[in-house]
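> sequence? don't have it. structure:
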């Protein structure tokens, strides 16, 4: 009689584990994304799970000598997403190469949130800290969208 009770207890304990282990989990996010505007830039992002690399054109407005001025950079960097799929907080460090004589090259670090807008389209909202090699520091909002290219899984 004791062996029947032990077998019954083992069956009850392992039943939820068996059921959850057979349920397929969503695959982590992977692929090439077209990125638009300042988060991370207008360009492309290659993503695999938590990590991504991006390259693109980064326009912004900066103040110099009390006046606002457009500044244009090429941004090369990476991103780390807190979740490997779906909506997530992220941090995105990068280097920026100035396309204008008035501005020096520098580094840009962005913190933000990326959320689903519609199917393969995601929106981004964050804040970026730009530091140029001549000591100029600017804090700007970063907004953008990304669209997954190719088939969705």
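Received, thanks. Bear in mind that the values here come from a model prediction, so they are computed numbers and not experimental data. Residues are numbered from 1 along each chain as shown.
> model confidence for residue 116, exactly?
Turning to residue 116, the model gives it a pLDDT of 93.
> which other helices and strands contact the host helix or strand of it?
For residue 116, the host element (DSSP states H and E) is strand 106-118. Applying 3 or more CB pairs under 8 Å, 6 or more residues apart in numbering; DSSP states H and E, one finds that strand 106-118 contacts strand 67-81, strand 88-98, strand 121-132, strand 137-148. The C-beta positions use only the backbone N, C-alpha and C, and glycine is treated the same way.
> so what's the gap between that strand and the chain middle?
Remark: strand 106-118 is offset 6 Å from the chain centroid, using CA atoms, centre = their mean, to the nearest Å.
> ok, now which ones touch residue 42?
Each residue near residue 42 by CB atoms under 8 Å, 6 or more residues apart in numbering is listed here: 35-36, 56-59.
> let's see which of those residues end up in strands.
35-36, 56-59 (DSSP state E).
> ChimeraX command for the buried members of these?
To isolate the buried members of the ones in strands among the contacts of residue 42 in ChimeraX, using 16 or more other CB atoms under 10 Å:
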select :35,36,56,58
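> which of the ones in strands among the contacts of residue 42 sits closest to residue 82?
Using CB to CB, residue 35 is the member of the ones in strands among the contacts of residue 42 that lies nearest residue 82, at 18.6 Å.
> burial check on the closest residue to residue 93 other than its chain neighbours, number of neighbours?
Excluding the flanking residues, the one nearest residue 93 by CB to CB, 6 or more residues apart in numbering is residue 109, at 4.9 Å. By other CB atoms under 10 Å, 14 other residues sit near residue 109.
> mind listing the residues bridging to residue 109?
The partner list for residue 109 in beta bridges (DSSP bridges) reads residue 93, residue 129.
> roughly how far does it sit from residue 126?
10 Å (CB to CB, to the nearest Å).
> find residues that contact each of those two.
By CB under 8 Å, 6+ apart, the residues touching both residue 109 and residue 126 are residue 92.
> tabulate the helices and strands packed on strand 106-118 (a markdown table), appending distance to residue 51.
What follows is these, written out as a markdown table (distance: least, CB to CB, whole Å):
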| stretch | distance to residue 51 |
| --- | --- |
| strand 67-81 | 6 |
| strand 88-98 | 10 |
| strand 121-132 | 16 |
| strand 137-148 | 15 |
